[in-house]
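1. I need the structure of the sequence given here:
(one chain, ligands or ions: 2)
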Amino acid sequence: MTNSSRCAVVAVVGPPNAGKSTLLNRLAGQHLAIVSARPQSTRSRVTAIITEGDTQLVIVDTPGLMDPRYHLHRAMQSEAWEAVDGADVVLFLVDGTRPDAPGPDILRSLGPLPSHPMVVGISKADVNDDETKAALSLRFPQGVHFSARSEMGMPQLFEAIRSVAPIGPFHYPDDDLSTQPMRFFVAEALREVAFELLEEELPYAVHVEIDEFREGSRPLYIRATLHVERDSQKRILIGAKGAQIRAIGQAARARIETLVGEAVYLDLWVKVLHNWRRDMAALQRLGFTFKQE
Ligand SMILES: Nc1nc2c(ncn2[C@@H]2O[C@H](COP(=O)(O)OP(=O)(O)OP(=O)(O)O)[C@@H](O)[C@H]2O)c(=O)[nH]1
Ligand SMILES: [Mg+2]
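-> Ligands and ions are numbered 1, 2, ... in the order given. Here you go, the predicted model:
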């Protein structure tokens with residue numbers, strides 16, 4: 001770190017499915033944030049610390065911006081708002097596959113437009129066709145085309161953020177990877193598997209709580225509860241003779257072992273927390289918070 005080091009908290013915002021979490025994972029060089037082809041997979045802020053040379057970026061991934069339909073959505077929008085509020089730089093992602101993709105105007109749904117410097121990234125450059133690229137370049141002349149999948153445009157995007165990052169000391173040691181505890185990423189890994197293995201609405205009804213994370217035990221013992229909203233969902237999640245929950249456990253265990261770098265014993269439980277996505281008290285008990293209106 002030198003006198004001219006730069007450090008910025010960067011809120012990554014945009015509509016659902018724009019590629020925000022994929023970008024965080026690419027920058028972090030590790031699969032930390034949940035990624036899904038289905039929208040609204042991220043529900044809370046996810047932080048990764050990226051230190052490269054004289055620059056440290058504290059990247060904060062956020063839930064997609066949308067019109068909230070129920071209390072969980074409101075909590076998700078609060079998360080996005082908190083991230084923008086606490087940021088030095090806003091990185092707005094335009095979904096590069098959609099010529100009509102929403103732009104930074106939709107940030108107004110959270111409140112007055114932030115005065116922080118803003119960088120616009122146009123995602124998925126590896127798949128968007130020339131016509132779409134041209135249309136988006138016209139709409140967002142300052143937008144940086146990039147692909148978190150192929151690395152295309154990533155150095156340019158990093159430089160665009162670096163150039164507006166405040167000059168100042170690093171906030172964290174340069175080998176720190178995140179500000180969040182491992183148990184958070186374990187819960188996200190379980191939710192990601194739920195998105196992959198469960199159909200239709202069911203993964204959206206799953207909330208994961210880590211009940212026990214026994215540091216020092218070998219293998220590392222982790223007990224987690226998967227909350228769903230109804231008895232019928234619980235039956236599907238467990239499956240015939242427990243087949244579904246076993247499959248979830250197997251797939252998640254492999255990911256969690258990669259994350260923690262050691263063998264894991266995963267003890268999964270399924271519980272019904274009636275209608276939790278629409279129940280303010282249940283959401284608060286699960287740790288969701290709401291912006292004061
Ligand atoms: N081809 C391609 N696909 C991408 C790229 N980035 C993301 N995707 C895909 O786009 C989909 C959405 O990606 P996410 O990273 O989950 O998007 P998000 O913006 O975090 O979505 P929410 O959390 O739901 O708001 C996934 O299927 C990703 O694999 C990219 O650079 N290229
Ligand atoms: Mg996401």
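2. for the stretch 101-250 of the chain, what spans make up the helices?
-> Ranges of helices in the stretch 101-250 of the chain, per DSSP state H, counting those that start in this stretch, are 130-139, 154-164, 182-197, 231-238, 243-260.
3. Would you tell me which residues of the stretch 1-150 of the chain are close to ligand 1?
-> 16-22, 35-37, 39-42, 63-64, 123-124, 126-127, 147-149 (C-beta under 6 Å from any ligand atom). (Each C-beta comes from the backbone N, C-alpha and C, glycine too.)
4. Now, of those residues, which are buried?
-> Neighbour counting over those (16 or more other C-beta atoms under 10 Å) leaves 16-22, 35-36, 41-42, 63-64, 123-124, 147-148 as the buried ones.
5. among these, which are in helices?
-> Among those, the subset assigned to helices under DSSP state H consists of 20-22.
6. can you redo these as a markdown table with pLDDT?
-> Listed next are these as a markdown table, based on pLDDT from 0 to 100:
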| residue | pLDDT |
| --- | --- |
| K20 | 98 |
| S21 | 98 |
| T22 | 98 |
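7. Look at stretch 168-181 and report the distance between its end residues.
-> 26 Å (C-alpha to C-alpha, to the nearest Å).
8. What sits closest to L24 if chain neighbours are left out?
-> D61 (4.3 Å; C-beta to C-beta, 6 or more residues apart in numbering).
9. Report the entries of the residues of the stretch 1-150 of the chain next to ligand 1 that also contact ligand 2.
-> 20-21, 42 (C-beta under 5 Å from the ion).
10. Which of these sits closest to G143?
-> K20 (15.0 Å; C-beta to C-beta).
11. The closest one and I222, how far apart?
-> Distance, K20 to I222, by C-beta to C-beta, to the nearest Å: 27 Å.
12. How about G103?
-> Distance from G103 to I222, by C-beta to C-beta: 41 Å.
13. The two: which is more packed in?
-> Neighbours were counted for G103 and for I222 using other C-beta atoms under 10 Å; I222 has more, 25 against 15.
14. Can you pull the poorly scored residue ranges out of the chain?
-> Scanning the chain for pLDDT under 70 picks out 1-2, 292-293.
15. residue boundaries of the strands in it?
-> 6-13, 46-52, 55-61, 89-94, 118-122, 144-145, 207-214, 220-228, 264-272 (DSSP state E).
16. mind checking which of the ones you listed is nearest ligand 2?
-> Smallest distance to ligand 2 across the strands of the chain (C-beta to the ion): 5.9 Å, for strand 55-61.
17. Can you tell me what sits against the closest one?
-> 5-12, 20-21, 23-24, 27-28, 33, 42, 45-51, 83, 86-87, 158, 161-162, 165, 170-172, 174, 179 (C-beta atoms under 8 Å, 6 or more residues apart in numbering).
18. quick check: angle from that strand to strand 46-52?
-> 160 degrees (axes from the mean of the first three to the mean of the last three C-alpha atoms, to 10 degrees).
19. Quickly run through the sheet partners of strand 55-61, with directions.
-> strand 6-13 (parallel), strand 46-52 (antiparallel) (DSSP bridges).
20. Looking at these, which one is packed in the most?
-> For the strands paired with strand 55-61, the largest average neighbour count (mean count of other C-beta atoms under 10 Å) is found in strand 6-13, namely a mean of 25.
21. Format the CA atom coordinates belonging to it as CSV.
-> Taking Å, rounded to 0.1, in the frame of the first residue of the first chain, the C-alpha atoms of strand 6-13 are listed here in CSV:
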residue,chain,number,x,y,z
ARG,A,6,-7.3,3.7,-3.3
CYS,A,7,-10.1,2.0,-1.5
ALA,A,8,-13.8,2.0,-2.3
VAL,A,9,-16.9,0.3,-1.1
VAL,A,10,-18.7,-0.6,-4.3
ALA,A,11,-22.5,-1.4,-4.3
VAL,A,12,-23.3,-3.6,-7.3
VAL,A,13,-26.9,-2.9,-8.2
